[in-house]
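Pasted the sequence and its predicted model underneath.
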Amino acid sequence: MNTPLTVAKLSHPIALELGGNWRPQPARHGIQELDHAATFTHLDGRQLHLSERFDDPGHLHIRGAFPTTDYPFRRGERDTVRVAMSEDPADIAARIAADLIPAHRDVHERVKDHNRAQAEMRRDVEEAACDLSARLPGARTRIDGTTAFVYMDLEPGEVRIGLDGDTVSLVLNDAPRIIADAVVFAVSRFLPHVQTPEGERGEYVDGYTL
């Protein structure tokens, strides 16, 4: 009796055909190895996922994996290659090499660049928010990714400074005019990339967009 062909078994000959830079690894659920799935890991960290879906038996679905990201994927950037598991491993590898790997390599690099830029922006926002908070008496800070808020409870009124990437917004609720002027002046000085025209300071007590 023939042993049923599984993705776990099929992954090794396909990886051999792809070349030494791709290493097959078992897929796991907890400590249990799965027969219906596997992973290829490249020496540079890229990964491909292989699986036989329950609703498409006898076919292998191969897709590129990406780091955790908020990159705005566009149509075609996460395509899947679908082949019959009965095909020759060399033919399956050729399909993967031609139809999946080049596009996945390019998009994977764009995702990494995006993540690096986001990480740098998060660091800049956190640094700016903490600097502002340290300079404004009684200020509190909440940071969420590339967005941060600095709050000041006044008697009377409230000041909220929002930092969203390179955008800074300032909301003043019932704040005295002298406080409004002082906060706008502080923001414009402590955040060098923010331009606050001289004529705008103190003109709008209810809110500013810098």
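Sure, I can see it. Residues are numbered from 1 along each chain as shown.

Mind listing the strands the top strand by length along the chain pairs with, and their directions?
Assignment by DSSP state E gives strand 32-42 as the longest strand of the chain. Strand 32-42 has its sheet partners listed here by DSSP bridges as strand 22-29 (antiparallel), strand 47-51 (antiparallel).

Next secondary structure after the last one?
I take that to be strand 47-51. strand 59-65 (DSSP states H and E).

so what are the domain limits for this protein?
What automatic domain parsing lists as the domains of the chain is 7-99, 120-209.

Rebuild those domains as JSON lines, extending it with distance to residue 111, mean pLDDT and mean neighbour count.
C-beta: built from backbone N, CA, C; applies to glycine. JSON lines is the format used below for these (distance: least, CB to CB, whole Å; pLDDT from 0 to 100; neighbours: other CB atoms under 10 Å):
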{"stretch": "domain 7-99", "distance to residue 111": "5", "mean pLDDT": "95", "mean neighbour count": "15"}
{"stretch": "domain 120-209", "distance to residue 111": "15", "mean pLDDT": "71", "mean neighbour count": "16"}
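
Residue 69 reaches residue 114, doesn't it?
Yes. When contacts are counted by CB atoms under 8 Å, residue 69 is listed as touching residue 114 (6.3 Å).

before we move on, back to that, okay, the domains of the chain in TSV with distance to residue 108 next?
Formatted as TSV, the domains of the chain follow (distance: least, CB to CB, whole Å):
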stretch	distance to residue 108
domain 7-99	5
domain 120-209	19
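
of all those, which lies closest to residue 109?
Proximity to residue 109 (CB to CB) singles out domain 7-99 among these, at 9.4 Å.

start to end distance for the closest one?
Terminal residues of domain 7-99 lie 19 Å apart, using CA to CA, to the nearest Å.

same deal with stretch 147-163?
5 Å.

just so I know, which of the strands paired with strand 32-42 lies nearest residue 110?
Proximity to residue 110 (CB to CB) singles out strand 47-51 among those, at 16.0 Å.

How far does that closest one sit from its chain's centre?
Put simply, strand 47-51 sits 20 Å off its chain's centre (CA atoms, centre = their mean, to the nearest Å).

thinking again about what came up before, quick one: the longest strand of the chain to chain centroid distance?
Centre to centre, stretch against its chain (CA atoms, centre = their mean), the figure for strand 32-42 is 24 Å.

Tell me the spacing between the closest residue to residue 11 other than its chain neighbours and residue 189.
Sequence neighbours aside, residue 38 is the residue nearest to residue 11 in space, at 3.8 Å (criterion: CB to CB, 6 or more residues apart in numbering). Separation of residue 38 from residue 189 (CB to CB, to the nearest Å): 57 Å.
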